[in-house]
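Undergrad: Kindly generate the corresponding structure for this input.
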Amino acid sequence: MSKSANVPISGEFLCVLCPNGCSIDAAFHKGPPPVLVSFEGAKCKKGEDWIRQEIEEPMRTVPTSVLVNHGDYICASVRTSRPIPLDKVHEVMEALRGITLEAPVHIGQVVASNPAGTDTDIIATRNVARVG
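TA: Predicted coordinates:
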């Protein structure tokens with residue numbers, strides 16, 4: 001292994017967890033697995049936890065929409081019920097591609113469970129009434 005492989009990568013990140021919007025400078029090893037080496041700029045504990053999670057296991061909530069038959073809207077907005085690993089986002093989107101709901105659709109309705117093997121539900125975030 002070369003010496004350069006042990007040199008941490010530096011980056012600037014903007015924490016989005018609270019209104020502070022802290023600019024966090026972080027040093028990390030790319031991995032695998034990625035490991036946070038050091039950071040500065042977090043003004044609260046949330047920022048400290050966020051930068052570690054963002055470097056070592058990035059997670060995302062996925063918002064999208066699915067088609068609806070016989071509804072007053074042709075699509076219903078949906079999202080994951082909890083964040084999923086960033087590297088699973090594409091697979092979840094692919095799993096949702098073929099879903100078409102039948103109206104009525106209600107906010108909070110579970111549209112799909114565990115897409116792409118993730119530990120989340122896809123829930124509706126818009127009501128769609130049935131027409132016709």
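Undergrad: Stretch 99-118: which residues count as buried?
TA: Ile99, Leu101, Ala103, Pro104, Val105, Gln109, Val111, Ala112, Pro115, Ala116, Thr118 (16 or more other Cβ atoms under 10 Å). Using the backbone N, CA and C atoms, a C-beta is placed for each residue, glycine as well.
Undergrad: and of those, the nearest to Pro34?
TA: For the buried residues of stretch 99-118, the minimum distance to Pro34 (Cβ to Cβ) is 19.9 Å, reached by Thr118.
Undergrad: Leaving out sequence neighbours, find the closest residue to that closest one.
TA: Ile84 (4.5 Å; Cβ to Cβ, 6 or more residues apart in numbering).
Undergrad: residues contacting that neighbour?
TA: Taking Cβ atoms under 8 Å, 6 or more residues apart in numbering, we find Ile84 in contact with Met59, Arg60, Thr61, Val62, Val92, Thr118, Asp119, Thr120.
Undergrad: Can you go through those residues and name the buried ones?
TA: Val62, Val92, Thr118, Thr120.
Undergrad: confidence score at the closest residue to the last one other than its chain neighbours?
TA: Pointing back at Thr120 there. In this structure, Thr120 finds its nearest non-sequential neighbour in Thr80, 4.5 Å apart by Cβ to Cβ, 6+ apart. Thr80 carries a pLDDT value of 98.
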